[in-house]
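**Student:** Next one to model:
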Amino acid sequence: MSSAKSLLDTLSHEDKPEESRKTGKSDSDVSTSTEISEVKKTYGSSELAQIAMEKTTLLSSTTTSQDRANENHERNDIARARKILYFSHLMSKFSEATWQFSIVLFLSALVNYESLILVSSYGLVCGLAKVLFGSAAGKFVDKNNDVTNGNVWKRLHVARVFLWCQNVCVIMATISCAYLLLNFVNEGGDAFSRKVQKKHMDENFDHTDDGALSTFNYFGILLLVILHILGAIADLFDAAFTVAIERDWIVVMSESFGRVQLGVSEEERKMWLSETNVTLKQIDLLCKVMGPVFAGFFVSGFNNFYTSSSLGGPNNSSSGLGLAYAALFIGLINTISLVVELKCSEFIYYLVPALRSKRENKSDENDVEKVSMPKKKSAKDHGLSSLKIYITQPVFYGGIALAILYFNVLTFGGIMTAYLTFRNVTFGTIGVWRGIAALVGLCGTFIYRHSFQNVGVCMTGLWSILFQLFCMCIAFASLFVNDDQNGDHNDHLPLPLLVFLIGICASRVGLYVFDIAITQIMQELVPEEIRGIIGGTQKSLNSFFLLLGFCLGLIFPSPTQFPIIAGAGIIGNGIAAIAYTFGIYFRNEELLLT
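**Tutor:** Sure, this is the predicted structure:
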């Protein structure tokens, strides 16, 4: 009898068997079955065995109730964490969209809206920063999100560093903008002074020409340099924070969802991950539509109010004062965003326990890691660069295909905007078509969800990049249709130009669907310990090909040479389609993609 009690005591304090991880049963069910089998084996069918089994069943029933309560609690926590993630992402992208749109207006005002030099230089510096330091930021994510071995740099700490650096840089940049706008925008207009009194110019700087920057004194030029640097740092840390959230936090949350939900299959976990990616992309696109509209509204409001009033001082223009206040308002928006994002990140971190620990790498955890881990380990052992680690990953062809798409100038960016202006298309009309393109891209996110459910992520990526290539070819061909008309200032567009714009808008469906598909493929195939490196390198490659487009714009600066730049982008799109088709689609079984 004493041996039976000893066995019962042992059973009541035993850890749950590892078998529960390999079956569809709960830990408690597997534990109960194991314990009863052990009792039967030891005592046979005696009365003592019956008593032992009743005791074991009672203990296991209590444990099962507690486990199910814990599972329900964890399930609710993950659902709450995802909602908080959406809200945080909304604040982040909205503040970013207002800043990115407003800085273009401010820089344009500083050169009297007659030159693209400041806008272009700002874009080049920001892009170059991500090219040079994007992978380093990714390494920082991988290196410092491990709480094992007493590492104090947890995932939450890394996120806080990124958020503080990004938003503080934007706030400081808005202050610099406010000073420049207050002191270098001329009275009676909404642009930078080219009519400053010659005496004032001579007293503050030496100049030899009437170029776009000739009216800045030395302190003004210094502030412009600082503004470029602050903007580049903010862009870099924004990209790094995006890598940390999209390539690491979301994946960990999806894995937690799969663990706490009893009976959840791998396909259901992937569907949860897909829905999260789609919702985040929808928030991105909504902010790209609403952010510029909101920014344009209040910037114009500040500008019109102070221009029409007598609030401008004797040494400062009313218009410059209005734009300066608008810049400070942008800083206020980013301050609010910083506080909200910090709190949301903290809530998410403590709602999902898995974010507070680093998953141990097991060679038999899944077949996908079997494909990736040996190459990753070899790269680390030999101290290879981030780019070499990236190249050795099976997702390389998909990632490089996405990066090459950034080489395409057939977007509503600076180069194409200049071309449309050359075709006498008004800024208002360009703005309308830009909004239409964003809304069409938003529709693409809904199409992705339906396509993923029916044909899987691999086929979805294939048809989306081919569809984009088809639309781009139609838009490109319309550039060579002979017509003697350009757009007029009554917003009337000739048919070839209309086809050109429609083709570009339609291509947004393929672009955003492909973007989400590649994001999910990377989330599924990239090992946890190098997610940051791969994500950061991806951001760097995206920026690199974006810079190539700017370089072509410098080589072929005339609007009449725009078809050359556009043609290069079409060729790049074709290369991207080939890379994805042969590097990902035809290898889907090897990569275990659906």
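
**Student:** Where does the prediction get shaky in the stretch 451-594 of the chain?
**Tutor:** 483-491, 592-594 (pLDDT under 70).

**Student:** From one end of stretch 579-591 to the other, what's the distance?
**Tutor:** End-to-end distance of stretch 579-591 (Cα to Cα, to the nearest Å): 15 Å.

**Student:** Check which residues of that stretch are buried.
**Tutor:** Under the neighbour-count criterion of 16 or more other Cβ atoms under 10 Å, stretch 579-591 has 579-581, 583-585, 588, 591 buried. From N, CA and C alone the C-beta is placed, and that goes for glycine too.

**Student:** Now flag whichever of these is closest to residue 93.
**Tutor:** residue 580 (26.5 Å; Cβ to Cβ).

**Student:** Please narrow the buried residues of stretch 579-591 to those residing in helices.
**Tutor:** 579-581, 583, 588, 591 (DSSP state H).

**Student:** Nearest to residue 119 among the residues you listed?
**Tutor:** Nearest member of those to residue 119, counting by Cβ to Cβ, is residue 579, at 31.4 Å.

**Student:** The closest one and residue 572: what is the separation?
**Tutor:** 10 Å (Cβ to Cβ, to the nearest Å).

**Student:** Ok, residue 464 next?
**Tutor:** 16 Å.

**Student:** And these two? Which one has more around it.
**Tutor:** Neighbour comparison, residue 464 and residue 572: the larger count goes to residue 464, with 26 against 22 (by other Cβ atoms under 10 Å).

**Student:** Quick check: that one touching residue 507?
**Tutor:** No. Using Cβ atoms under 8 Å, residue 464 is not in contact with residue 507; the gap is 10.1 Å.

**Student:** buried stuff in the helix or strand that contains residue 223?
**Tutor:** According to DSSP states H and E, residue 223 maps onto helix 218-244. Across helix 218-244, burial judged by 16+ other Cβ under 10 Å covers 220, 223-224, 227-244.

**Student:** and the helix or strand following it, what's its mean pLDDT?
**Tutor:** Per DSSP H and E, the first helix or strand lying C-terminal to helix 218-244 is helix 250-260. Helix 250-260 shows a mean pLDDT of 79.

**Student:** please begin residue numbering at 692 from this point
**Tutor:** New numbering, starting at 692: the last item is helix 941-951.

**Student:** angle of the next helix or strand after helix 941-951 against helix 909-935?
**Tutor:** Remark: after helix 941-951, the chain's next helix or strand is helix 957-999, criterion DSSP H and E. Calculated by axes from the mean of the first three to the mean of the last three Cα atoms, to 10 degrees, helix 957-999 forms an angle of 160 degrees with helix 909-935.

**Student:** Which is the succeeding secondary structure element to helix 957-999?
**Tutor:** Following helix 957-999 toward the C-terminus (DSSP H and E): helix 1009-1042.

**Student:** Could you list every helix and strand in contact with that following helix?
**Tutor:** Counting contacts by 3 or more Cβ pairs under 8 Å, 6 or more residues apart in numbering; DSSP states H and E, helix 1009-1042 packs against helix 738-801, helix 846-875, helix 957-999.

**Student:** does residue 772 really touch residue 1041, like I thought?
**Tutor:** No. Look at residue 772 against residue 1041 with Cβ under 8 Å: they stay out of range, at 9.1 Å.

**Student:** between the two, which one's more packed in?
**Tutor:** Per other Cβ under 10 Å, whichever of residue 772 and residue 1041 has more neighbours is residue 772, with 22 against 13.

**Student:** Relative to residue 933, how far out is the more buried one?
**Tutor:** On the measure of Cβ to Cβ, residue 772 and residue 933 end up 18 Å apart.

**Student:** Tell me where the stretch 942-1091 of the chain is predicted with low confidence.
**Tutor:** 951-955, 991, 993-1011, 1049-1075.

**Student:** repeat that for 50
**Tutor:** 1001-1008, 1051-1075 (pLDDT under 50).

**Student:** Just list what the helix or strand residue 817 falls within packs against, helices and strands only.
**Tutor:** Using DSSP H and E, residue 817 falls within helix 808-835. In this structure, helix 808-835 makes packing contacts with helix 738-801, helix 846-875, helix 909-935, helix 1077-1082, helix 1105-1113, helix 1222-1246, judged by 3+ Cβ pairs under 8 Å, 6+ apart.

**Student:** Quick one: closest of those helices to residue 1213.
**Tutor:** Per Cβ to Cβ, nearest to residue 1213 of those: helix 1222-1246, 6.6 Å.

**Student:** which helices and strands sit right next to the closest one?
**Tutor:** Checked by 3+ Cβ pairs under 8 Å, 6+ apart, helix 1222-1246 has helix 808-835, helix 909-935, helix 1077-1082, helix 1087-1096, helix 1105-1113, helix 1186-1216, helix 1253-1274 packed alongside it.

**Student:** so which of the ones you listed comes closest to residue 768?
**Tutor:** That would be helix 909-935 among those, by Cβ to Cβ, at 20.1 Å.

**Student:** Now do that closest one against helix 846-875, angle only.
**Tutor:** Using the same axes, to 10 degrees: helix 909-935 against helix 846-875 is 150 degrees.

**Student:** for helix 909-935, what is the average pLDDT?
**Tutor:** On average, helix 909-935 scores 89.

**Student:** quick one, that helix and helix 941-951 angle?
**Tutor:** 20 degrees.

**Student:** Packing partners of helix 909-935?
**Tutor:** Counting by 3+ Cβ pairs under 8 Å, 6+ apart, helix 909-935 packs on helix 738-801, helix 808-835, helix 846-875, helix 1222-1246.

**Student:** want to throw those into CSV with distance to residue 1136?
**Tutor:** CSV is the format used below for the helices and strands packed on helix 909-935 (distance: least, Cβ to Cβ, whole Å):
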stretch, distance to residue 1136
helix 738-801, 14
helix 808-835, 24
helix 846-875, 25
helix 1222-1246, 19
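
**Student:** where among those is the average confidence lowest?
**Tutor:** helix 738-801 (a mean of 75).

**Student:** My guess is residue 929 contacts residue 856. True?
**Tutor:** No. Residue 929 lies out of contact with residue 856 (Cβ under 8 Å); the separation is 9.3 Å.

**Student:** So what's the residue count around residue 1023?
**Tutor:** Neighbourhood size, residue 1023 [other Cβ under 10 Å]: 11.

**Student:** ugh, wrong one, residue 1249
**Tutor:** Residues contacting residue 1249 under the criterion other Cβ under 10 Å number 8.

**Student:** Please tell me how far it sits from residue 1110.
**Tutor:** For residue 1249, the distance to residue 1110 - Cβ to Cβ - is 10 Å.

**Student:** for residue 831, same thing?
**Tutor:** 39 Å.

**Student:** Residue 924 now?
**Tutor:** 31 Å.
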